[in-house]
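**Student:** Sequence plus the predicted model coming up.
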Amino acid sequence: MYSEEKKAKEISYSSALSKMQFICSRQEKCCSDIRKKLENWNLSYDDQDKIIQALIDDKFLDEIRYTGFYVRDKYKFNKWGRIKISHHLKQKQIPEYIIMEAFDSISEKLYEENLEEILASKMRSTREDDLYKLKAKLYRFAQSRGFESNLILRYIEKLVHKD
């Protein structure tokens, strides 16, 4: 099996800590990202926990700060909706209350304008004469971006009946 053939890299506690400090100083990370990296280095769970706690104590790791940046980046640059962002953060084991707090930083008006903008763009690039099929394509597209069904339906109706 491939994973058995691949020899995992082993490093010392102090070396792992300094590498993680360097990584965290260059880019926001969450605890689960760091844990995965440390597991690849064959460190004991005890050492992994100590390193993660040291990074938190020294402010290299901060789940609230990480989540805030993640939410703003995915919303602004990737044009993702709350559902997709939340799903990805839950995979990184970020607590629900931190995710909800980060969503509060996004203005509802801007969030809905973002949805309307991506739907309008998709509508312009979609060649579909059948209104039912057009709506279905727009709905699936917005849903794949992680937007809520009620908002998607409202803005599809608004765009389609603009003419």
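**Tutor:** All right, it came through fine.
**Student:** Which other helices and strands does the longest helix anywhere in the chain contact?
**Tutor:** Secondary structure of the chain per DSSP state H: the longest helix is helix 108-125. Helices and strands touching helix 108-125, as assessed by 3 or more CB pairs under 8 Å, 6 or more residues apart in numbering; DSSP states H and E, comprise helix 131-144, helix 149-160. From N, CA and C alone the C-beta is placed, and that goes for glycine too.
**Student:** where in this structure is pLDDT low?
**Tutor:** 1-9, 163 (pLDDT under 70).
**Student:** ok so, going back, would you turn the helices and strands packed on helix 108-125 into TSV with mean neighbour count?
**Tutor:** Putting the helices and strands packed on helix 108-125 into TSV (neighbours: other CB atoms under 10 Å) gives the following:
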stretch	mean neighbour count
helix 131-144	15
helix 149-160	15
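**Student:** any chance of these in a markdown table, plus distance to Ser125?
**Tutor:** Output for the helices and strands packed on helix 108-125, formatted as a markdown table (distance: least, CB to CB, whole Å):
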| stretch | distance to Ser125 |
| --- | --- |
| helix 131-144 | 10 |
| helix 149-160 | 13 |
